[in-house]
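Engineer: got a predicted structure plus its sequence, pasted below:
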Amino acid sequence: FRSCGVSKGWTIAAVIIAHELPQEVADFFILVNGGMKQSQAITINFLTSLSAIIGAIVVTQNDVSSKTQGYLLCLTVGVFLYAALAGVVPNIFTKREYVVPGVLAFIFGCFVVGLSVIRHDHCVASGGSGGSSDAHAGHNH
């Protein structure tokens, strides 16, 4: 909200919620399928989700540089990739009938993400970063 404005901030928030709701349901079923009781899965899922909210509050309430935000995002992506590749993907390939749909779903997901970043906008805090008003300055794309 600080860098993008209220309208774009609410749009981004709505998209995140639209992604997170089915994601949390999927996480719940992964935990239950892994052997947890439903009450344990709900508690663990809530606590991990709460950690993301606390992190977002800490970052938005402090003066965190764009560079630090980038590092935090990279760390977060790495954790999610590890969790997916080590915990979820092997289960997809345990049954032969899941292989083709799993690979197609992965390719489709990559395609959708690729489409979403082709013509993306950057939000720049008033005054810009480092005196530059070009949101793409410093990362050549």
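Structural biologist: Everything's here; your move.

Engineer: quick one: list the elements packing against the helix or strand of the chain with the lowest mean pLDDT.
Structural biologist: Between all helices and strands in the chain, the lowest mean by mean pLDDT, DSSP states H and E belongs to helix 89-92, at a mean of 76. Judged by 3 or more C-beta pairs under 8 Å, 6 or more residues apart in numbering; DSSP states H and E, the packing partners of helix 89-92 are helix 96-118. The way it works is simple: take the backbone N, C-alpha and C, and place the C-beta from them, glycine included.

Engineer: neighbouring contacts of the helix it packs on?
Structural biologist: 89, 92, 93 (C-beta atoms under 8 Å, 6 or more residues apart in numbering).

Engineer: list phi and psi for residue 65.
Structural biologist: For residue 65, the backbone dihedrals (degrees, to the nearest 10) come out as phi -70, psi 160.

Engineer: can you count the residues close to it?
Structural biologist: Residue 65 has 10 neighbouring residues, counting by other C-beta atoms under 10 Å.

Engineer: residue 41 now?
Structural biologist: 19.

Engineer: next structured bit after the host helix or strand of it?
Structural biologist: Using DSSP states H and E, residue 41 sits within helix 38-61. Heading C-terminal from helix 38-61, the first helix or strand you meet, by DSSP H and E, is helix 66-83.

Engineer: give me the helices and strands touching that next one, please.
Structural biologist: When contacts are defined as 3+ C-beta pairs under 8 Å, 6+ apart, helix 66-83 sits against helix 38-61.
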